[in-house]
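Participant: Sequence and predicted structure are below.
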Amino acid sequence: MVSRPNIHVKSKVAVVGAGITLFRRRMLETPRELAWEAAKQALDSAGLTIRDIDCVVIGSAPDAFDGVHMKGEYLADGSGGLFKPTVRVYVGGGTGVFVPIAAWWHVASGLCRTVLAVAEEKMSPARPHPQGVFAYIWDPVLERPLGPNLLWIFALEMRRYMHKCNASKETIALVSVKNKRNALDHPAAQAAANITVEDVLNSEVLVWPVNRLDVSPVSDGAAALVLASENEARRITDSPVWIEGVGWTLDNTHWYNRELGYPRYVQYAARMAYKMAAIERPWRDIDFAEPYDPFDYKELHHIEGLMLARPCEAPKLLEEGWFDRSGELPTSPSGGLLGVGNPIAAAGLMKAAELFWQLRYEAGARQVKKPVHRGVAQAWGDLMQAGTVVVMGN
Amino acid sequence: MNAQWSKNPWTVYRFPGRMEVEKYVYTPGLHGLEFAKALREGRIVGTKCGDTVYVPPTTFCPDMTRGEIAEVLGPWYVESYTVVHESLEGKPLEKPIIIAVIAPEDAEGALVHYVDADPEEIYIGMPVEPVFRPPEERKGNILDILHFKPSAQA
């Protein structure tokens, strides 16, 4: 393994197991039961029981989604966290990828040999719509009086990106078409479909230029990973997947000095992760990617932030099929948030789990065509501008 | 939403807000649903994990395996209690309310519920039994148990 220029770790860290529940709106299971189903599956896939786990990391987005305050403590028993060093992490929508990052430092520091990392979100309990929860991420004095809605951010950002990169709605809709098609092969998927660009353009306009099919659905679900130190990982499995780099960054939540057309928070987080992974040319050294795609243009935005394409180059590459599962650099082979669904924290961890399955060649019908050695997953926290990035290799 | 201006220049301006999520609709969970169904039938169930039954039930066990639904028969005992004399608004109550942690002998865990007893007579370790609403009034929730009442020494 190449030397790590900016970090000293006690142990390399591997992912040795993964699990996921169905992603659906209005699951009957309680949040604790969803967390348990994913955690159990991840433990089973690693051939471990909860007694083999030293520490537990839980990730969940705002308490207001599940409608239970102090969700970390609430989820602890279902996540196997009782009477162990357990912590809940939270950076908005970036939480899902922050979970393996936090789990990584538990192991890399030498503190824990094995970590169960669980992410859960149940968005369906809130009435009339979970969208209401997002009303409280805005500045209460300057912005909230305008009655803002989360879609505003996306609409403003999407419009800016279209303007800056001269990208059409037709081209951007191809992301939705690709991801929903990829999701047809994902057994947990909620919004898999064979649709066309016309379907996206003809769907209901929510906040122009955002249409219904440009957006990921409201979802319930959970995902989990098991991480282990190098020694433990080699005992547990013949095919560990190594976490080669992690990075996270926060940009300004205020509008006035943020560039809407380019996600700097992703670029800075990616630079940190790539440096750790000794990656100098991500567009060549990364074989496939799971960029965060709650909206279709967001995937293009994030591909550029991850430096997998030059600024404004992603729409053109998309049209050429570059990001298809059989393409040069497959993106969201899982089906992404647009196809598999978007239970916030669980959706980000689903992307990290997809790296694990792809790098073990266990993704079944979702397996990308080219040989894979290294993948990157990324998530982003809505108005908070948290960028989280994890690089894994086999 | 407008600032509430005041004629008093020393008053701090206030910007009222409102939580736009008006309510939540929760699911009981898989074993929670069995618990609710059992209450309608005037029974209490828990989750069996190995030789131990846990109440209230969850689908999973403390060792992260899957549990089975099992009957909890009691007898039930008061594990701790408190006597409430004022309402949430601070008004004196006509009749004090007893809230208790009530644990069954044949299962791990406990329920929190009302006990209909004389505050002077209740004690820790007192045997109690659930009093269910009439079948036609039951709705499949925890209030299908009206309260617990003192029972004969088991």
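Facilitator: Looks like it came in fine.
Participant: any chance you could map the helices in the stretch 1-150 of chain A?
Facilitator: Ranges of helices within the stretch 1-150 of chain A are A:31-46, A:63-66, A:71-75, A:95-108, A:150-165, based on DSSP state H, counting those that start in this stretch.
Participant: which stretch of helix or strand covers the residue most central in space within chain B?
Facilitator: Residue closest to the mean C-alpha point of chain B, counted by CA atoms, centre = their mean, is residue B:112 at 4.5 Å. Using DSSP states H and E, residue B:112 sits in strand B:111-115.
Participant: What helices and strands are in contact with that strand?
Facilitator: On a contact count with 3 or more CB pairs under 8 Å, 6 or more residues apart in numbering or on different chains; DSSP states H and E, strand B:111-115 meets strand B:92-104, strand B:145-150. Backbone N, C-alpha and C define where each C-beta goes, glycine included.
Participant: Run the chain-centre distance for the longest one.
Facilitator: Think strand B:92-104. 11 Å (CA atoms, centre = their mean, to the nearest Å).
Participant: Adjacent strands (with direction) for that strand?
Facilitator: Paired with strand B:92-104 in the same sheet, following DSSP bridges, are strand B:76-86 (antiparallel), strand B:111-115 (antiparallel).
Participant: Give me the buried positions along it.
Facilitator: Neighbour-count burial for strand B:92-104, counted by 16 or more other CB atoms under 10 Å in any protein chain shown, picks out B:97-98, B:100, B:102-104.
Participant: of all those residues, which two lie farthest apart?
Facilitator: Greatest spacing in these, by CB to CB: B:97 and B:104 (22.1 Å).
Participant: Quantify the burial of residue 137 by counting its neighbouring residues.
Facilitator: No chain specified, so I'll use chain A. The tally of other residues near residue A:137 (other CB atoms under 10 Å in any protein chain shown) stands at 18.
Participant: oops, chain B please
Facilitator: 10.
Participant: Apart from its chain neighbours, what residue comes closest to it?
Facilitator: In this structure, residue B:137 finds its nearest non-sequential neighbour in residue B:144, 8.0 Å apart by CB to CB, 6 or more residues apart in numbering or on different chains.
Participant: Report how many residues lie close to that neighbour.
Facilitator: Using other CB under 10 Å, residue B:144 is surrounded by 19 other residues.
Participant: repeat for residue A:112
Facilitator: Neighbours of residue A:112 using other CB under 10 Å come to 24.
Participant: How about residue B:152?
Facilitator: By the criterion of other CB under 10 Å, residue B:152 has 7 neighbours.
Participant: Mind pulling up the pLDDT for residue B:5?
Facilitator: The model reports residue B:5 with a pLDDT of 59.
Participant: And stretch A:229-248, end to end?
Facilitator: Its first and final residues considered, stretch A:229-248 spans 21 Å by CA to CA, to the nearest Å.
Participant: oh sorry, the question was meant for stretch A:88-104
Facilitator: 14 Å.
Participant: Which residues are in contact with the residue nearest to residue B:137?
Facilitator: B:39-40, B:42, B:132-133, B:137-138 (CB atoms under 8 Å, 6 or more residues apart in numbering or on different chains).
Participant: let's see 7 Å
Facilitator: B:39-40, B:132-133, B:138 (CB atoms under 7 Å, 6 or more residues apart in numbering or on different chains).
Participant: what does residue B:34 give?
Facilitator: Residue B:34 touches B:45, B:57, B:69, counting by CB under 7 Å, 6+ apart.
Participant: give me that answer again for 10 Å
Facilitator: Residue B:34 is in contact with B:28, B:45-47, B:57, B:59, B:69-70, counting by CB atoms under 10 Å, 6 or more residues apart in numbering or on different chains.
Participant: Over to residue A:325?
Facilitator: A:178, A:181-182, A:185, A:288, A:331-333, A:363, A:365-370.
Participant: how about stretch B:111-124: buried residues?
Facilitator: B:111, B:113-115, B:117, B:122.
Participant: Now it: average pLDDT?
Facilitator: Per-residue scores along stretch B:111-124 average to 95.
Participant: doesn't residue A:66 make contact with residue A:220?
Facilitator: Yes: in terms of CB atoms under 10 Å, residue A:220 counts as a neighbour of residue A:66; the distance is 9.0 Å.
Participant: residue ranges for the strands of chain A, please.
Facilitator: Remark: strands assigned in chain A by DSSP state E are A:13-20, A:55-59, A:86-89, A:114-122, A:126-127, A:205-207, A:210-211, A:220-229, A:241-250, A:288-290, A:374-381, A:386-393.
Participant: number of nearby residues for residue B:106?
Facilitator: For residue B:106, the tally of surrounding residues (other CB under 10 Å) stands at 15.
Participant: Could I get the contacting residues of it?
Facilitator: Residue B:106 sits in contact with B:46, B:52-53, B:55, B:70-76, where contact means CB under 10 Å, 6+ apart.
Participant: Would you verify that it is located in a strand?
Facilitator: No: Residue B:106 is assigned coil when assessed by DSSP: H, G, I helix; E, B strand; the rest coil, not a strand.
Participant: Setting aside sequence neighbours, what's the nearest residue to residue 110?
Facilitator: No chain was given, so I picked chain A. Nearest residue to residue A:110, sequence neighbours excluded (CB to CB, 6+ apart): residue A:10, at 3.1 Å.
Participant: Chain B is the one I meant
Facilitator: Closest residue to residue B:110 apart from its sequence neighbours, by CB to CB, 6+ apart: residue B:103 at 4.1 Å.
Participant: Quick check: can you name the pairing partners of the worst-scoring helix or strand of chain B on mean pLDDT and their directions?
Facilitator: Every helix and strand in chain B was compared by mean pLDDT, DSSP states H and E; the lowest is strand B:23-24, with a mean of 88. Here strand B:23-24 is paired, per DSSP bridges, with strand A:126-127 (antiparallel).
Participant: which ones are touching residue A:120?
Facilitator: So residue A:120 contacts A:21, A:31-39, A:58-61, A:65-66, A:71, A:74-75, A:78-79, A:220-224, A:343-346, A:349 (CB under 10 Å, 6+ apart).
Participant: distance of residue A:274 from residue A:331?
Facilitator: Distance of residue A:274 to residue A:331, given as CB to CB, to the nearest Å: 17 Å.
Participant: Over to residue B:41?
Facilitator: Distance, residue B:41 to residue A:331, using CB to CB: 53 Å.
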